[in-house]
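> With the sequence up front, the predicted model follows.
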Amino acid sequence: MARAKQQAIPRYMLTQQTATLPSSAVTRFFRRLRHIRRWFKLSHFLLYIFMLALIVLMMLPLVYMVVTAFKPIDELLIYPPRFYVSSPTLDNFKNLSAAISSTSVPFSRYVFNSLLTTVATVFLTVVICAMCAYALAKFNLKGANFIFAVLVMALSFGTQTTAIPSYLITNALHLNDTYWVMIIPKIVSSYYLFLLKQFCDQIPGDFIEAAYLDGAGEWTIFWKIIMPCLKPALSTVIVFAFVANWNDYFNALVYIQDQAMKTLPLALQLINQTGTLSRQGAMQAASLLTTAPTIIIYVVMQARVLDAMGYSGIKS
């Protein structure tokens, strides 16, 4: 019996010449070291370095724009140009009105035009595209599959390919040189409609049937059930639609001839046409004012957008 127990004991424990077992502190140290080595491999480290380099590369133009917007005129004329500002100033923002003094339109009018057309377009896009997506997904419409196929094919056409027919239609309706020409043609987008329709397909029909049994009408179901379920997708549509309309240069250039009706992207072109280096500060200040709303919108809606990107759907 004792001999059997002796054979079961490891051989290194039977001799006094072997090394003693490590202490508990050393054991914990090596456990932590193995844990660190497991998660902090060389491939992960290289991947993090690569992603960090991409982030820095993408942030450089934005940082340079912000820095240049606060540079005084003497630092703007320094060669080679500096990436930092020594004496920040707000003179570039004050000189915006002087930079576009060649026209009789103040800078605030361009801001108002962009805000009005962008907010109206985003609101109508969200409501109308959500209605169309709900109808295609949950109503038994004849030809719904054909309409959806046409919608998918429309994704392959760019805005410029339909510019001439759109111009002829808006001109026949006497919409050119009005705010409506900047709003109505962009209300319905095939991409936003496709995205919302895919989300509506994943809403359980039991929700709608239960609402019908409780006496709810179509408007109540749409606003109280469908719209809350579409919050992640609607947030994505709001961000994309706001950025696209706020930075829209093409439509304002084609449909608008009246200088007082034009938007911020065209105002930036007027500042750039002065051709003097001293106006670069005002140009960067205007660029900062133009870019800031899109950054704020994305930061506010970021969590919702990420939810939409990783949305797995709900099933009945």
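Arrived safely, thanks for sending.
> The helix or strand M227 falls within: what's the following helix or strand?
For M227, the host element (DSSP states H and E) is helix 227-229. As assigned by DSSP H and E, the chain's next helix or strand after helix 227-229 is helix 231-246.
> Report the backbone C-alpha coordinates of that next one in CSV.
In CSV, the C-alpha atoms belonging to helix 231-246 read as follows (Å, rounded to 0.1, in the frame of the first residue of the first chain):
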residue,chain,number,x,y,z
LYS,A,231,-35.0,54.2,-34.3
PRO,A,232,-31.5,52.7,-35.1
ALA,A,233,-32.2,52.9,-38.9
LEU,A,234,-33.8,56.4,-38.6
SER,A,235,-30.7,57.6,-36.8
THR,A,236,-28.5,56.4,-39.6
VAL,A,237,-30.8,58.0,-42.2
ILE,A,238,-30.7,61.3,-40.3
VAL,A,239,-26.9,61.3,-40.1
PHE,A,240,-26.4,60.4,-43.8
ALA,A,241,-29.2,62.7,-45.1
PHE,A,242,-27.9,65.7,-43.0
VAL,A,243,-24.3,65.3,-44.2
ALA,A,244,-25.4,64.8,-47.8
ASN,A,245,-27.7,67.8,-47.9
TRP,A,246,-25.5,70.1,-45.8
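> What lies in contact with whichever helix or strand comes after it?
Later in the chain than helix 231-246, the nearest helix or strand by DSSP H and E is helix 250-255. Helix 250-255 is contacted by residues 159-160, 163, 167, 170, 175-177, 181-182, 185-186, 262-263, 265-266 when judged by C-beta atoms under 8 Å, 6 or more residues apart in numbering. In this view, the C-beta of every residue, glycine as well, is placed from N, C-alpha and C.
> The helix or strand just after helix 250-255 relative to helix 231-246, how many degrees between them?
Tracing the chain past helix 250-255, the next element assigned as helix or strand by DSSP H and E is helix 264-272. Angle, helix 264-272 to helix 231-246, by axes from the mean of the first three to the mean of the last three C-alpha atoms, to 10 degrees: 30 degrees.
> What is helix 264-272 packed up against?
Applying 3 or more C-beta pairs under 8 Å, 6 or more residues apart in numbering; DSSP states H and E, one finds that helix 264-272 contacts helix 96-99, helix 107-138, helix 250-255, helix 280-309.
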